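In: predicted model and sequence follow; I will ask about them next.
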Amino acid sequence: MATLSGHHALVTGGGSGIGAAVALTLAQAGATVTICGRRREPLEAIAAQHSDIHAEPADVTDRDAMLRLYKQAETARGRFAIVVANAGGARSGPAEKVSPLLWNETLAVNLSGAFFSVQPALAGMRERGFGRIVFIASTAGLKGAAYVAPYVAAKHGVIGLMRALAAETAKHGITVNAVCPGYTETPMLDRAVERIAATTKRDAAEARAALAAKNPQRRFITPAEVASAVSWLCGEDTAGITGQAIAISGGETW
C-alpha cells in the first residue's frame, strides 16, 4: 500500500460502495480524506469509521457547491493533493425511450460532475508540482453496452476528459488516470439486479448470475479491489503512470 501521509484527498460519492472503500483505503494509507455526496447521513457513517475521514455534503453537478466544498475543506485541512472523482449513477432502458431529462441527468452526474470535482484542484496542483487525479470510470467507458446509452456516452467522455487533463498536466508533476471496474458489488449493482429481475421475470439469483457471467472470472469485482488500484495510483512511486484507463474487470476488456 502506498504511503500517503501528509496528503489531503477528496473522494466524491464517498458515502457508499466504491467511494467509501476508496476513502477508507486512502485514510489507512495515511491521507486525510474529505468525502462528499448529496446526503449527509451516509457520509457521516463512513467518517465515523476513521478519524481522518471528514464528511462535507455537496452535489457534484453543482459547480458552485463544489467550489464551496473546496473552500471549506481546504481551509480546514489543507490543499487537495489527491482527487478521486467517483460519483456517478446509471439507469437502464432502450435508447429510443431515453428522455432528454434522463440524458442530461446522466451526463451531469457522470461527466460534468467529474469535471467539476477536479477542476478547482488543478491550479494548486500545478503550483506545488504534485497531484494525483483518479476518475472512477467503468468498462462502459471502454466498450459499448446495451440499454445504458447515456451512461456509456458519459463514461467514454470521462476517459476522454482524463486523457485531455493528462496531456495538459504531465510536465507539472500531476498524474491523471482512470480506473474502469466491471460489475462491482455495490448498491448500484443491487439496483441493476432488481431492474433485470423485474423486466425479465427472473428471480434475483438468476439476474445476478447473468451479470456475473459477463466477467470471464465469473464473479463480481469488489470495492476493495478498486480501492487498492486507486491507492496505488495515488502514490509517489507511480509518477510515470498518467493518461491510462486501467480495467479491473476479470478480463472483460483488454
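Out: Alright, I've got the coordinates. For clarity, every value in this text was computed on a predicted model and none was experimentally measured.

In: put the alpha carbons of the longest strand anywhere in the chain into PDB.
Out: In the chain, taking DSSP state E as the definition, the longest strand is strand 174-181. The C-alpha coordinates for strand 174-181 follow below in PDB (Å, rounded to 0.1, in the frame of the first residue of the first chain):
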ATOM      1  CA  ILE A 174       0.500  15.600 -11.900                       C
ATOM      2  CA  THR A 175      -0.800  12.300 -12.900                       C
ATOM      3  CA  VAL A 176      -4.400  11.700 -14.300                       C
ATOM      4  CA  ASN A 177      -5.700   8.200 -14.700                       C
ATOM      5  CA  ALA A 178      -9.000   6.300 -14.800                       C
ATOM      6  CA  VAL A 179      -9.900   3.100 -13.100                       C
ATOM      7  CA  CYS A 180     -12.600   1.100 -15.100                       C
ATOM      8  CA  PRO A 181     -14.300  -1.500 -13.000                       C
END
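
In: show me which positions of stretch 117-135 end up buried.
Out: Using 16 or more other C-beta atoms under 10 Å as the test for burial, stretch 117-135 gives 117-118, 120-122, 125-126, 130-135. For every residue, glycine as well, the C-beta is placed using N, CA and C.

In: pairing partners for the longest strand of the chain, with directions?
Out: Using DSSP bridges, the strands paired with strand 174-181 are strand 131-136 (parallel), strand 245-248 (parallel).

In: correct me, but Tyr70 touches Gln119?
Out: No: using C-beta atoms under 8 Å, Tyr70 makes no contact with Gln119, being 9.6 Å away.

In: just to revisit the earlier point, next SSE downstream of the longest strand of the chain?
Out: The helix or strand immediately downstream of strand 174-181 is helix 187-200, counting by DSSP states H and E.

In: give me the buried positions along that following helix.
Out: Neighbour-count burial for helix 187-200 flags 188-189, 192-193, 195-197 (criterion: 16+ other C-beta under 10 Å).
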